[in-house]
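**Q** Turn this into a structure:
(2 chains)
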Amino acid sequence: MANDPDSMRTSIRQVRYLGSAKAGTHHVWHMRLTSFALLPLTIAFVWLMLTLVGKDYNAVRLALGSPAIAIVMLLFLLAGIYHMMLGMQTVIEDYIHTEVAKTVWLMANTFFSICIGLACVYAVLRLSFT
Amino acid sequence: MAEAKSRPVSPEARRPLSPHLQIYRPMLTMMMSIMHRVTGMALYAGTLLMAWWLIAAATDARAFATVSGVLGSIPGRLVLLGFTWALFHHMLGGVRHFIWDMGRGMDHPEREYLAQATLIGGFVLTLIVWIVAYMVR
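**A** Predicted structure coming up:
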């Protein structure tokens, strides 16, 4: 029973009474949460970069490996990469409408974010513990 | 997300959907919305540079010298300049979202001021950071 071409009914009738997707406001809340955390963390990160401009290898290693800086860097990286993963998810959902392509891109986004996040965190921890 | 299956309906019979970008006259608030998304995606790509730099620092002096050489070159500096601007622009865009989340700044003159402040603020902060960077170098 396809929609009658003359009908003014919207496709909402096809999803009505199926229940919610059970995801609701989780995404938007985590976007806001990370974005709030990232405001001071970004300022701290830029500040750190300014203190490292023109410094040699040993000075950079020493700075990145010191506890306070390493902790701030880890917070910045984790909050930032989670935030960007959520953001790219929205972009993919907005522009890619075929189910298979959308799923593949969403997977790629998750994999990229986890790989880049793990690599950065590993590097900071290694700088701290070697 | 659950999606409604599209039924075979002739294009003429489709109800009008909400118009997309090309329908509207470009205006500042709309451009800033687009720029927020564009800078966000640029920062996403920029994490590759961040990872490269951190991994090189964790590897050895030679790897770090390679990254420093690339990022310190003129094209490298231009990329970092763009990175700095994208970061500040996106950060200020986020502040704008906080203001909206509190239910403020959505009416006519305020939203234009906020858009202008984000745009100008992004450039000013980038300029300040780069002037400081060249001074402390």
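
**Q** center of chain B, which residue is that?
**A** Centroid check for chain B by Cα atoms, centre = their mean gives residue B:39 as the closest residue, at 1.7 Å.

**Q** buried residues in the host helix or strand of that one?
**A** Using DSSP states H and E, residue B:39 maps to helix B:28-59. Judged by neighbour count (16 or more other Cβ atoms under 10 Å in any protein chain shown), helix B:28-59 contains these buried residues: B:32, B:35-36, B:39-44, B:46-47, B:49-58. Every C-beta, even on glycine, is put in place using the N, C-alpha and C of the backbone.

**Q** can you map out the helices along chain B?
**A** Ranges of helices in chain B, per DSSP state H, are B:28-59, B:61-72, B:74-101, B:108-136.

**Q** what's next to the second one, contact-wise?
**A** Applying Cβ atoms under 8 Å, 6 or more residues apart in numbering or on different chains, the contact partners of helix B:61-72 are A:57, A:60, B:49, B:52-53, B:55-57, B:76-77, B:79-80.

**Q** Would you mind checking the average pLDDT for the helix ranked longest in chain A?
**A** In chain A, taking DSSP H as the definition, the longest helix is helix A:99-129. Averaged across helix A:99-129, pLDDT comes to 96.

**Q** that older thread, make TSV out of the helices of chain B and add mean pLDDT.
**A** Below are those laid out as TSV (pLDDT from 0 to 100):
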stretch	mean pLDDT
helix B:28-59	95
helix B:61-72	94
helix B:74-101	95
helix B:108-136	93
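
**Q** would you turn the ones you listed into CSV with distance to residue A:102?
**A** Below are the helices of chain B laid out as CSV (distance: least, Cβ to Cβ, whole Å):
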stretch, distance to residue A:102
helix B:28-59, 17
helix B:61-72, 35
helix B:74-101, 24
helix B:108-136, 31
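
**Q** What is the burial count for the residue lying closest to residue B:98 once chain neighbours are set aside?
**A** Among residues not flanking residue B:98 along the chain, residue A:36 sits closest, at 7.2 Å (Cβ to Cβ, 6 or more residues apart in numbering or on different chains). Using other Cβ atoms under 10 Å in any protein chain shown, residue A:36 has 14 other residues around it.

**Q** now do residue A:60
**A** A count of nearby residues for residue A:60, using other Cβ under 10 Å, gives 18.

**Q** which helices and strands does the helix or strand containing it pack with?
**A** Residue A:60 belongs to helix A:57-65 when assigned by DSSP H and E. Applying 3 or more Cβ pairs under 8 Å, 6 or more residues apart in numbering or on different chains; DSSP states H and E, we find helix A:57-65 packed against helix A:26-52, helix A:67-95, helix A:99-129, helix B:28-59, helix B:61-72.

**Q** give me that answer again for 7 Å
**A** If you count contacts as 3 or more Cβ pairs under 7 Å, 6 or more residues apart in numbering or on different chains; DSSP states H and E, helix A:57-65 packs onto helix A:26-52, helix A:67-95, helix A:99-129, helix B:28-59.

**Q** so how far is that helix from its chain's centroid?
**A** 27 Å (Cα atoms, centre = their mean, to the nearest Å).

**Q** Name the residues that touch it?
**A** For helix A:57-65, the external contacting residues (Cβ atoms under 7 Å, 6 or more residues apart in numbering or on different chains) are A:51-52, A:69-70, A:73, A:124, A:127-128, B:57, B:61, B:64.

**Q** What's the PyMOL line that selects buried ones from these?
**A** The following PyMOL line selects those of the contacts of helix A:57-65 that are buried, judged by 16+ other Cβ under 10 Å:
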select buried, (chain A and resi 52+69+70+73+124+127+128) or (chain B and resi 57+64)
